[in-house]
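Q: Using only what follows, build the 3D model:
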Amino acid sequence: MTLVFAIAVGLLIGSGSYLLLKHDLVRVVIGVLLISNGANLFIMLAGLDRGAAPIYPLPESGEVADPLVQAMTLTAIVITFGVTALLLSLIYRVYVAHSTLDTDTLAAAEEREELTAEREAGADDEDAAILALDAQES
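A: From the prediction side, this is the model:
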């Protein structure tokens, strides 16, 4: 059974890593989710300890399940939910602003904006230099 879980962890993390390399932002978020689920499964698998519930009075055999693993996994699930909500809201704002989710198109648009800003800044510098020359002549 451990081998099945190990293969599942490998598949989740491998497919999540593959999706992280895609150019679509929605696929990147899905990749983050898959990696997170793979990590949660790994935590559960690594700390899997069969035994009675850790509630007092403890059983005579002394074998109880470790509650820390469950608590850490639950915390990881909540953090993943928050990060996913943040990523989806950022993707929505990017789509509203640029009408695309392709990272190549977004990078090209950002380069065009930087060139435009540099040209405008250069034009302002030239205008300031011309005004300074006019002031010196008069």
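Q: Identify the residues contacting residue 47.
A: When contacts are counted by CB atoms under 8 Å, 6 or more residues apart in numbering, residue 47 touches 66, 68, 69, 72. (Glycine included, C-beta is placed from N, CA and C.)
Q: quick one: average pLDDT of the helix or strand hosting the second one?
A: The reference is to residue 68. Element membership of residue 68, judged by DSSP states H and E, is helix 67-98. Across helix 67-98, pLDDT averages out at 94.
Q: Give the buried residues for it.
A: For helix 67-98, the neighbour count (16 or more other CB atoms under 10 Å) marks 69, 73, 76, 80, 87, 91 as buried.
Q: how much space between the fourth one and residue 55?
A: Spelled out, that is residue 80. The spacing between residue 80 and residue 55, counted by CB to CB, to the nearest Å, is 28 Å.
Q: and if you look at the first one?
A: Residue 69 sits 16 Å away from residue 55 when distances are taken as CB to CB.
Q: ok, the most centrally placed residue in the chain to residue 4 distance?
A: Centroid-nearest residue in the chain, with CA atoms, centre = their mean: residue 32, separated by 5.6 Å. Per CB to CB, residue 32 is found 24 Å from residue 4.
Q: Can you show me the helices along the protein?
A: Per DSSP state H, the chain carries helices over the ranges 2-20, 25-46, 67-98, 103-137.
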